[in-house]
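S.K.: Return atomic coordinates for the entry below.
(one chain, ligands or ions: 2)
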Amino acid sequence: MEAGLKDIAAKKAKLLTSGAVKLSSKVRLPFAPSRSTAGPGAGTVGIVIAFGGHRVKKAISMEKGEFELLETEKGYSLTYHDQPFLETVEIQPTLFHAPEQAFFNVETECIYDCKFCTSRKLEKKITKDLTPEKIVKMILDSSKRPDFKAVALTSAVVKSPGITVDKMVYIVTEVRKALGQDIPIGVEPYVDSIEQIDRLKQAGANEFKMNLETFDQDIFRKVCGELDLEWIMKALAHAVQVFGKGKVCSNIIIGMGESDENALAGMKALSAIGVVATLRPLRVNDLNRHSLEEVLGKLEPIREERLIRLAKEQKRILEKYQLSTLTFQTMCHSCGCCDIVPFRDI
Ligand code: SF4
Ligand code: SF4
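M.R.: Ligands and ions are numbered 1, 2, ... in the order given. From the prediction side, this is the model:
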């Protein structure tokens with residue numbers, strides 16, 4: 001028998017905090033794997049694995065992995081260190097980057113130097129050299145697919161936040177013009193003026209995300225030294241005025257040495273201004289390990305128990321402030337591949 005609901009969430013947490021999925025050449029995938037240029041999987045080739053109403057995006061490897069995907073008579077199953085782990089899993093397609101979303105990374109080169117960030121370290125050939133015009137065309141082409149449900153844009157900051165926002169405004173305006181009012185559009189920029197938030201809303205975006213990254217001031221200074229934590233809180237508070245409660249979100253990264261109390265204090269501070277935070281497990285890989293350990297020292301791996309414990313607390317806090325992850329139709333709360341998402345997973 002498949003494990004109960006609680007165990008299934010714990011299995012998702014195990015998947016989120018462990019290594020790659022091995023894929024032998026004998027296994028045939030129903031869809032081509034996708035290569036991410038943003039998010040925790042940036043730079044890796046991954047597949048979306050769904051089970052019991054949950055889904056997770058995992059890096060795949062032909063050589064080695066803590067998990068292995070096997071083809072069975074019923075479809076697919078997963079093992080963990082050669083032991084049965086999930087008896088039945090489904091492989092879900094991504095549209096662009098995420099299931100059911102045309103989610104594009106507008107720029108990958110960045111003027112900032114956040115130590116955990118892998119997006120800006122990717123080779124040009126991986127980042128696909130997209131222009132705003134190409135992105136609009138790809139979104140409109142993908143809108144013909146039956147699994148198309150939403151549009152989302154993220155970006156690094158090339159030259160200045162204003163120039164990046166201009167590109168997002170252009171894409172959102174063109175997509176709105178072509179697809180009408182019904183399609184949800186989420187934007188995830190780094191802004192440096194209130195006016196940029198207003199422009200994105202006026203262009204037709206429905207949901208807004210700007211990442212806090214960590215509520216621990218000391219860690220923030222070490223990993224995002226060029227950004228301004230106080231300003232991010234101010235910008236998010238304004239975004240709630242413009243986009244509405246339950247339509248603004250932010251990431252708090254878990255695993256950079258912060259305490260549970262601090263992460264939850266960040267959750268509360270964001271909830272108090274109407275922002276629904278994601279508690280995002282840090283993913284350390286060859287692209288970011290050196291820069292992270294240089295400023296933070298040796299990092300402790302995140303345990304799945306911690307993720308589950310924090311997600312439960314997160315849910316309680318959201319309930320207290322009458323917020324939910326279910327009010328989002330775009331970006332990470334809706335996708336659910338990289339976090340334990342309260343109300344969806346737990
Ligand atoms: S602002 Fe920081 S996290 Fe965002 S792309 Fe630039 S370096 Fe990466
Ligand atoms: S949860 Fe967010 S970062 Fe992860 S795959 Fe989905 S959209 Fe991308």
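
S.K.: So which residues on the stretch 51-200 of the chain come close to ligand 2?
M.R.: Lys57, His97, Ala98, Phe103 (C-beta under 6 Å from any ligand atom). For the C-beta atoms, the positions are set from N, CA and C on the backbone; glycine is no exception.

S.K.: Could you check how many residues crowd around the third one?
M.R.: Same thing as Ala98. As a burial measure, Ala98 scores 27 neighbours (other C-beta atoms under 10 Å).

S.K.: Kindly report the same for the one 4 residues further on.
M.R.: Ala102 is surrounded by 27 other residues when neighbours are defined as other C-beta under 10 Å.

S.K.: Same question for Lys64.
M.R.: Look at Lys64: counted by other C-beta under 10 Å, it has 9 neighbours.

S.K.: Tell me which helix or strand Pro84 sits in.
M.R.: Using DSSP states H and E, the element containing Pro84 is strand 83-92.

S.K.: what lines up beside that strand in the sheet?
M.R.: If you go by DSSP bridges, strand 83-92 pairs up with strand 45-51 (antiparallel), strand 76-80 (antiparallel).

S.K.: Which strand or helix spans Val169?
M.R.: helix 161-179.

S.K.: Name the residues of that helix that come out as buried.
M.R.: In terms of neighbour count (16 or more other C-beta atoms under 10 Å), helix 161-179 has its buried residues at 161, 164-165, 167-176, 179.

S.K.: What's the first helix or strand after it?
M.R.: Using DSSP H and E, the helix or strand that follows helix 161-179 in sequence is strand 185-188.

S.K.: ok, so what distance separates the residue of the chain most remote from its centre from Glu87?
M.R.: Distance to the chain centre peaks in the chain at Glu73, reaching 32.7 Å (criterion: C-alpha atoms, centre = their mean). Distance, Glu73 to Glu87, by C-beta to C-beta, to the nearest Å: 12 Å.

S.K.: One more: Arg145?
M.R.: Separation of Arg145 from Glu87 (C-beta to C-beta): 30 Å.

S.K.: separation between the residue lying closest to Val136 once chain neighbours are set aside and Met138?
M.R.: In space, and not counting its chain neighbours, Val136 is closest to Glu174: 4.5 Å by C-beta to C-beta, 6 or more residues apart in numbering. Distance of Glu174 to Met138, given as C-beta to C-beta: 12 Å.

S.K.: how about the strands in the stretch 151-300 of the chain?
M.R.: 185-188, 207-209, 248-254, 276-281 (DSSP state E, counting those that start in this stretch).

S.K.: In CSV: those, plus mean pLDDT and mean neighbour count.
M.R.: Below are the strands of the stretch 151-300 of the chain laid out as CSV (pLDDT from 0 to 100; neighbours: other C-beta atoms under 10 Å):
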stretch, mean pLDDT, mean neighbour count
strand 185-188, 98, 27
strand 207-209, 98, 27
strand 248-254, 97, 25
strand 276-281, 96, 24
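
S.K.: Just put those in CSV and tack on distance to ligand 1.
M.R.: CSV is the format used below for those (distance: least, C-beta to the nearest ligand atom, whole Å):
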stretch, distance to ligand 1
strand 185-188, 9
strand 207-209, 12
strand 248-254, 9
strand 276-281, 12
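
S.K.: Pipe these into TSV and attach distance to Leu296 per row.
M.R.: Formatted as TSV, those follow (distance: least, C-beta to C-beta, whole Å):
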stretch	distance to Leu296
strand 185-188	24
strand 207-209	24
strand 248-254	11
strand 276-281	15
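
S.K.: Secondary structure of Gln329: a helix, I assume?
M.R.: No. The assignment for Gln329 by DSSP: H, G, I helix; E, B strand; the rest coil gives coil, which leaves it out of any helix.
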